[in-house]
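Visitor: Sequence first, predicted coordinates after that:
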Amino acid sequence: MSELSFDHKQKLIPRRHFRAFDAVVLTLLMLTFWQVIGSWTQGVAVSPPLPTLVYLGDLLATPMFWDHAAATLEAFLLAFVLSALIGLVLGLIFGIRRFTGEVAEPILAGFYTIPKVTLYPVVLLLFGLGMSAKVAFGVMHGLVPMTLFTLGAVRNLPPVLIRTARVLRLSPGRTMRWVLVPACLPDIVNGLRISFSLSLLGVLIGEMFSSQRGLGFLLVNGMAQHNVPLSTAVVTVIVVMAIAANTLMLRIGKRFAQRADTVAG
Amino acid sequence: MVSGEAQVSLSEVVRRYDGPPVVQALGPISLDIKCGEFFSIVGPSGCGKSTLLDVVAGLVRPTSGSVCFEGKELHGEVPDGIGVVFQEDSSMPWLSVRDNVAFGLRTSSLPKQEVATRVDHAISFMGLAQFAGHYPAQLSGGMRQRVCIARTLVLRPRLILLDEPFGALDQQTRLLMGDELLRLWRETGATVLLITHALDEAAMLSDRVGVMSARPGRFIDMVETGWPRDRDSRVISESQFGALTARLWSSLREESLKTLGRAA
Amino acid sequence: MVSGEAQVSLSEVVRRYDGPPVVQALGPISLDIKCGEFFSIVGPSGCGKSTLLDVVAGLVRPTSGSVCFEGKELHGEVPDGIGVVFQEDSSMPWLSVRDNVAFGLRTSSLPKQEVATRVDHAISFMGLAQFAGHYPAQLSGGMRQRVCIARTLVLRPRLILLDEPFGALDQQTRLLMGDELLRLWRETGATVLLITHALDEAAMLSDRVGVMSARPGRFIDMVETGWPRDRDSRVISESQFGALTARLWSSLREESLKTLGRAA
Amino acid sequence: QRSRAETITVTHWGGQFYGVPYAVAMEKGFFKKNDVDVSGILTAAGGGTAVRNTLAGGIPFGEVSLAAAVQAINAGQKLIIIGAGTWSVADQMWVVKKDSTLQGIKDLAGKQIAYTAPGSVSNMLILMALKASGMTPQQVKLVPAGDLGANISAVGSGAIDAGFSDELIYAQHKELVKPLFMVRDVLDPRMMQTVMITTGEYARAHPDIIKGLINARRQGLAYAFDHPDEAADITAKAYNNPNIELFRSHVRELIRVNYWSDGRLDYASMNHMVEGLQITGQMKGEVDWPKYVDTSYLPADLRPTQ
Amino acid sequence: MTRRHAALIVRTAILAALVALLEIGCRFGFIDTLTVIAPSDMVASMADQIRSGDLDASIVTTFSTILIAFALAVVLGTALGALIHRFARLRDVADPLLASYYSVPTFIFYPLLVALLGLGKAPLVVLGILSATPAVVISTLSGLDSVAPVLMKLARVHRLTPARTLRWIVLPAALPHLFTGFKLALSYALIGVIAGEFILSGTGLGYAISYAYQSFDNRAMYGVMLFVLLVAVTANGILYVWEGRLARRRSRG
Ligand SMILES: Nc1ncnc2c1ncn2[C@@H]1O[C@H](COP(=O)(O)OP(=O)(O)OP(=O)(O)O)[C@@H](O)[C@H]1O
Ligand SMILES: Nc1ncnc2c1ncn2[C@@H]1O[C@H](COP(=O)(O)OP(=O)(O)OP(=O)(O)O)[C@@H](O)[C@H]1O
Ligand SMILES: [Mg+2]
Ligand SMILES: [Mg+2]
């Protein structure tokens, strides 16, 4: 919705053309920024774009890199799916059953602020070393934002929609599936986006704590040897991946939301 | 099919809203609505009509008193067989008109063909045939209201609760919708509880009209219209019609003045 | 104070909504509303009344044609001196009734005392005195509508646009509100454009009533009522009143049937 | 055991050169020759985590920092020190900006000096170095700046006058910084940085595996001494660093300064480390080593002759 | 009213049960105290450390840093969100970047922050802001999207300037959504600052926790952690109560 200009629809056609152009401009801007930072700090903290990309090119050509990437991807996908699903269901439940929400939300938010390092011994105890610990770290990071976004969306829902669901005697499951999820979709997509990024981060952190494979391990490598091009390259890969996934999710979210958003002008 | 037994029965129902300040919205009210009856409620703005509807639908528990539907007491759950059109716009913005109307039939065990027929019929009857693929944001206020009515009626509920369903419609459309409602009521044998602020509508459609007092709403008058079951909007031209509306008018007049704080 | 010059003038206004499918909601319409005139519009549901109001208010640009307010052409901005009551509930849920009503006066240069008096008067006239501290969610549908009316009227605009403002009110309350609106109109000399689906209301309040066709809305009839400026709801009992409503009714009937897709 | 992989833990594997003997042993099949199946080596960021990972691993064997091992044992963890790892800090140094006028440690009076984090090796080294040069910590301003990268950037940007570094990182930033002083020029560089640990329970149950691991490491180290360039290449590959030249010169340098122990313990350098821990306030009093150490898993020729 | 109290009671009961379970687990040796210590010990340790005054300076630095970061993130995030929302074109390009940001392991940029901002409080504040702002921006955007169109029409009819529209209509209307962002921002500011202290500084509660962690001092670690947790929960609770008050006004029943 664009409320300040009510003739939104008419602008849509030229906007398509803008989009590619703007994306290019933005990419150039970011590259320039990166270059400036890189050369200003003389490559000590961040390696400038060109050397990084060259390094990345070489890195991508090694099977070793794909090994690491695959290890991370596997753990991440699992963590993301778990965070998204559990977060969605929890958020919906806490949103509808206001009472459970009032009980659970502060506990959840409190848990989230615990510095994750201190939980490492507990994670080790519960999950041991390896895959499941990485996934646990991912979920620990990704779950709460998903829950909070969903819960917030449900709370702000027009009450009449929930009353409609009640009158139609929809089961809780169906109320979620048919009323709450579609009505809250924009917020759910936002939750998914943040949760996506954070479960990725969580997995990386998990890999830094204990790992022998994965992009997190490569990152520790780069940092410990002060191999700046390596760590910058790995971050570049992560960022590009996250941006791509985010763009995709936004597109999908918009496709659904657009219908609801063709607001009166 | 107006049988003797009560489909809905309220006894000493009171509904209060915790403040601050505490507002007594309703009651005490006792009321029986018979199976297959067409019952209307009129009353001044803010007197508790919508609250009463929520109580009957089981959406809201009365602060005291009890509500029974088909002999079973309600305890905060919506019983099967009730359809409600709310006063607010309750169309689902993410569904097209057709999907909105079909929404309640999603879980039904009806054959697909039958569902499609019912939905199409309801849509075209509501004059929305051209807009079946539109989304609510693309509709006018009255059109959205019609979507919500259609959504409720395709379900063929045994008790239909309508909260000012024709509020955003022009008078001619109201009349036509009223006739259709009567036809449906006759054919399905459903009970109807209609809240309206149009006295002529109440007088023309109902078997019985309850007039509510200013808040906290209680019934101060109960008017039997005595129309035959097989009636339509042409009753407007009957001589009783004028008398009926006049009676409703005079019962209500004082209450509305009270609500607005004017001298009676 | 109905002077000769046009306060609002539309020429060949058309409004289309880009689809899919493309919907022509309005026009072409040409219309002059004179300074100080009380002009009403009736028309079938979905015919483009609200769209017309948006165009007059400068909220929406016509797809083609032009709109002038007090001689100046509008280009997508809302000119000073216009007050609007929308068809949807536009009360602000985060403000109490009093703050909602005072909203438009927030930035005015009026002395505080004067603001408070005006606000209090508007609230109590709307019968909301007991609810001044309540929030919209605690009010009934009709009460919220009254809040929005009060919020517009305290501003004393030169042109008042009302989109079915009494839609959720009972008939007695409508009458009283109508009388108040007339008194205000007389006292302030404002121009009023009222959209309503109650033909009696249109007939009773207006200097002139425009009847709109089914979508795309155009004027198919324009009825001068000929009431004296100094009138009130008692005109209902005048003999012309019946004739007026009958004329409106017959003009409209066919259009409503068209809208619903019934044979004329 | 929850862990699927039979892993051992080496602190800062992939970063620091503690791991060279393990990398060689892995590549050259010395683990297999000693009948132990090591499928991978776990890294860990920081001493505390390394010890915890060791405890959770399929084979609870690790090379971790001496401080972490001692503190863990003090805290009640059932660990034993079974051999030495790295026993020198000879490659550590403080660096200043290339154009700096500072000449040596004495010039640091009144200056801002960075180290990594309170309680770290760099923290104790700077305190010990100041003390050895007859200065007090009050004469300078000490600031924790984070890892070595942050130290270099702080020096490079002028946020700080001198920062902590090691040969490897210095070698990559020669155009930006220069050494102010090497630790080995100010102090006795023999400090026990890392030790091999395991749990007493596991060692008693699987003495052969523990002995095999110690042996494999020793053989890896011996191979590295004989073939420094090949060892450097192996490590560079294991550490994902294509800069082979850098690794080769660094490994040679570390061999030159006698960086690694072949497993034998040296109480002088262990006490030297404890001295550092006392200076930073992490430990009070002497350490009664027999309570911490069990040398029975070392090959006979490496056991202390007492 | 009563429901809120009931929620509080149930919440307390659940927490009490969890705590009791942990206590029993630790006391009777089901849980290794080398992993987790008994809650009563945590409380005792927290009390000891606070009473000793050793933490006083850390408490002040850490929480003042968090507070500054949080406040700036809220202001900055809301303003940025409004700006991006205003310009559809900007939004098209900025939207995908916003959430992606969280996947970046920020800690690898510590050297960068040190190089740019020097040592001291500034990099920590920046870290807090960096981790908290995007959540605020995202929820501001979705809040602004959810403002009912009729209210935007109302703003135009009242001829409000864009700034006033924002102040008087858009922000209040979007506030319930904004709260989701604020609550997350509080958590992120805290996490960002404390994680920064782990690595970047020799003071603060983050450092105290990491020091205790590294030296296997579980008693000290859980004591400080409990304290951080309590403060975080209290701060969150304040936001929560405030939000609840607003929400109750706006919703029926
Ligand atoms: N945003 C939109 N996109 C597409 N079509 C629209 C949009 N808004 C309105 N319309 C169409 O324009 C027509 C006129 O709508 P409008 O709201 O003006 O009707 P109305 O006369 O006010 O009806 P009612 O009496 O039911 O309120 C309708 O057919 C509607 O479908
Ligand atoms: N959530 C609430 N909290 C407090 N008071 C409420 C709440 N909902 C309704 N009320 C009060 O209850 C009374 C009755 O409201 P209700 O909506 O039932 O009126 P109504 O008869 O439907 O009015 P209308 O014809 O205007 O829709 C009103 O005075 C209103 O202020
Ligand atoms: Mg109502
Ligand atoms: Mg309309």
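Guide: Noted; the coordinates are in hand. Numbers count the residues shown, from 1 in each chain, chains lettered A, B, ... in the order given. Ligands and ions are numbered 1, 2, ... in the order given.
Visitor: and the gap between the nearest residue to E:Lys121 once chain neighbours are set aside and ligand 4?
Guide: Distance criterion CB to CB, 6 or more residues apart in numbering or on different chains; nearest residue to E:Lys121, sequence neighbours excluded, is E:Thr65 at 6.0 Å. No exception for glycine: its C-beta is placed from N, CA and C like everyone else's. Distance, E:Thr65 to ligand 4, using CB to the ion, to the nearest Å: 54 Å.
Visitor: Just the element for E:Thr65, please.
Guide: Using DSSP states H and E, the element containing E:Thr65 is helix E:56-86.
Visitor: by contact count, what packs against that helix?
Guide: The contact analysis (3 or more CB pairs under 8 Å, 6 or more residues apart in numbering or on different chains; DSSP states H and E) places helix E:56-86 against helix E:88-100, helix E:121-145, helix E:171-200, helix E:204-214.
Visitor: Ranking helices and strands of chain E by mean pLDDT, which lands last?
Guide: helix E:110-117 (a mean of 72; mean pLDDT, DSSP states H and E).
Visitor: Where do the domain boundaries of chain A fall?
Guide: The record's domain parsing of chain A by automatic domain parsing lists A:2-38, A:44-264.
Visitor: and what of chain B?
Guide: Domains of chain B are assigned by automatic domain parsing as B:1-81+B:157-264, B:85-154.
Visitor: Could you report the separation of the closest residue to E:Ile68 other than its chain neighbours from ligand 4?
Guide: Distances taken as CB to CB, 6+ apart place E:Val125 nearest to E:Ile68, at 5.4 Å, with adjacent residues excluded. Distance, E:Val125 to ligand 4, by CB to the ion: 52 Å.
Visitor: Where does the prediction get shaky in the stretch 151-264 of chain B?
Guide: For the stretch 151-264 of chain B, applying pLDDT under 70 flags the ranges B:260-264.
Visitor: can you give me the helices for the chain?
Guide: Picking chain A for this. Counting by DSSP state H, one finds helices in chain A at the ranges A:8-40, A:49-60, A:63-96, A:98-113, A:120-127, A:131-155, A:159-167, A:172-174, A:181-183, A:185-209, A:215-224, A:228-261.
Visitor: look at chain D instead
Guide: Going by DSSP H, chain D shows helices at D:20-28, D:30-33, D:47-56, D:66-74, D:121-132, D:148-157, D:167-172, D:183-186, D:200-205, D:207-226, D:228-238, D:244-256, D:267-279.
Visitor: Identify whichever of those lies nearest to E:Ala69.
Guide: helix D:148-157 (19.7 Å; CB to CB).
Visitor: dump the residue contacts of residue 225.
Guide: In the absence of a named chain, this looks at chain A. D:14-15, D:168-169, D:239, D:241 (CB atoms under 8 Å, 6 or more residues apart in numbering or on different chains).
Visitor: hm, I was asking about chain E
Guide: A:114-115, A:118, E:42, E:209.
Visitor: Kindly report the same for E:Gln49.
Guide: So E:Gln49 contacts E:55, E:220, E:223-224, E:227 (CB under 8 Å, 6+ apart).
Visitor: so it is in which element?
Guide: Going by DSSP H and E, E:Gln49 is in helix E:39-52.
Visitor: and the angle from that helix to helix E:56-86?
Guide: Between helix E:39-52 and helix E:56-86, the angle comes out at 100 degrees (axes from the mean of the first three to the mean of the last three CA atoms, to 10 degrees).
Visitor: Helix E:39-52 versus helix E:204-214: what angle between them?
Guide: Here helix E:39-52 runs at an angle of 130 degrees relative to helix E:204-214 (the same axes, to 10 degrees).
Visitor: chain center to helix E:39-52, what's the gap?
Guide: Distance of helix E:39-52 from its chain centroid, counting by CA atoms, centre = their mean, to the nearest Å, is 24 Å.
Visitor: again with stretch E:224-236
Guide: 11 Å.
Visitor: Just the buried residues of it, please?
Guide: E:224-229, E:231-233, E:235-236 (16 or more other CB atoms under 10 Å in any protein chain shown).
Visitor: With respect to C:Val67, which of the residues you listed is nearest?
Guide: Among those, E:Asn236 lies closest to C:Val67 (CB to CB), at 51.7 Å.
Visitor: about what we covered before: what about the domains of chain B, which gets the closest to D:Tyr115?
Guide: For D:Tyr115, the closest of the domains of chain B is domain B:85-154, at 58.2 Å, according to CB to CB.
Visitor: So is that closest one next to chain C?
Guide: Yes. Residues of domain B:85-154 contacting chain C under CB under 8 Å from any CB of the partner chain: B:87-89, B:124-127, B:129, B:138-143, B:146.
Visitor: what's the nearest residue to D:Asp233 if we skip its chain neighbours?
Guide: Closest to D:Asp233 by CB to CB, 6+ apart is D:Ile244, at 5.9 Å.
Visitor: And that neighbour, how far from D:Ala231?
Guide: If you measure D:Ile244 against D:Ala231 using CB to CB, to the nearest Å, the figure is 12 Å.
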